[in-house]
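>>> Structure of the sequence below:
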Amino acid sequence: SVLNECPGDHFALKFELSFKVELPPKFEKVVINNYCNNNIKAFQTYLANSDFTSIYSSTNVEQAMSLLDSFLNDNHSHFFPQKIIKRHEKFIYQPSQDSLNAIKTKKKLHRKFKSKLRKVNESNCNNCNVCNKCINAHLAWDLYRKQRNVTNKITKANKRENLLNDLKKKSDKNDLKGIWKSIKIATNMPSKCNTQPSVDHEIINAEN
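Numbering: from 1, shown residues only. The predicted model follows:
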């Protein structure tokens, strides 16, 4: 993109690098570049310390753009090597909107409790449990604990609903292999097991 404000009679260019990772289809693998934070920071440091004199001094616009494009592509491949990823197949952990809202509230209350507790630690009351700061900290903890229990209850119900829906879909398709795989995921059972428990027993465990 061309910047609006130019220091001279030449247009200044701004380049933006997008680090977006494509989500693969369920149970399928896809090759992506490794855009972890360490790789991005290393690439930023390298760009900051690189010498672009050959590009700046070029009087041919096409040649300068070609040099810059080659520089970015070569270093992009070096700093962001490719890797294979697979979408997380544990569908039972896909949260519902109610679960997400509960988690958000829980985190908010936890931050509030930490703030109250920090004020207690900074004071000279030595955790007297009588002053206003200690009382507020205890009240904040009670609110957080109640919300944590509510969040856990909603999350368990969400997992149970996802599991039953998935089993029903696979049962309608007579997908016995898929049913067994879902049961193993729901019960954290290892992929290789000599004994196969019954479906009813596994559903009861998932419900609990």
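>>> How is residue 174 assigned, secondary-structure-wise?
At residue 174 the chain is in coil, as set by DSSP: H, G, I helix; E, B strand; the rest coil.
>>> quick one, phi/psi of the residue of the chain positioned farthest from its centre?
Distance from the C-alpha centroid of the chain peaks at residue 59, with 45.4 Å (C-alpha atoms, centre = their mean). The phi and psi torsions at residue 59 (degrees, to the nearest 10) take the values phi -90, psi -10.
>>> Please name the nearest non-neighbouring residue to residue 119.
residue 133 (5.2 Å; C-beta to C-beta, 6 or more residues apart in numbering). Backbone N, C-alpha and C define where each C-beta goes, glycine included.
>>> got it, and residue 33?
residue 80 (4.0 Å).
>>> and the one you found, what pLDDT?
On the pLDDT scale, residue 80 is placed at 87.
>>> Then residue 140?
92.
>>> Skipping its backbone neighbours, what lies nearest residue 182 in space?
residue 166 (5.3 Å).
>>> how close does the one you found sit to residue 173?
11 Å (C-beta to C-beta, to the nearest Å).
>>> what's the answer for residue 144, then?
Counting by C-beta to C-beta - residue 144 and residue 173 are separated by 43 Å.
>>> again, but for residue 60
For residue 60 relative to residue 173 (C-beta to C-beta), the value is 62 Å.
>>> cool, and residue 75?
48 Å.
>>> the more surrounded of residue 144 and residue 173?
Set side by side, residue 144 and residue 173 show more neighbours around residue 144, with 21 against 10, by other C-beta atoms under 10 Å.
>>> coming back round to it: tell me the SS of the residue nearest to residue 119?
helix.
>>> Do a quick rundown of the strands in the chain.
Here the chain has its strands, by DSSP state E, at 29-33, 82-86.
>>> Just say which of the ones you listed is most tucked in.
Neighbour counts (mean count of other C-beta atoms under 10 Å) averaged over each of those peak at strand 29-33, with a mean of 13.
>>> Can I get stretch 132-143 as CSV, trimmed to CA atoms?
C-alpha atoms of stretch 132-143 as CSV (Å, rounded to 0.1, in the frame of the first residue of the first chain):
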residue,chain,number,x,y,z
ASN,A,132,-12.3,-4.1,54.5
LYS,A,133,-9.5,-5.3,52.2
CYS,A,134,-9.6,-8.8,53.6
ILE,A,135,-13.4,-8.9,53.6
ASN,A,136,-13.5,-7.8,49.9
ALA,A,137,-10.9,-10.4,49.0
HIS,A,138,-12.9,-13.1,50.6
LEU,A,139,-16.1,-12.0,48.9
ALA,A,140,-14.3,-11.9,45.5
TRP,A,141,-13.0,-15.4,46.1
ASP,A,142,-16.5,-16.7,47.0
LEU,A,143,-17.9,-15.2,43.8
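>>> Which residue, neighbours along the chain excluded, lies closest to residue 113?
Nearest non-adjacent residue to residue 113 (C-beta to C-beta, 6+ apart): residue 140, at 4.1 Å.
>>> er, residue 43 actually
residue 79 (4.3 Å).
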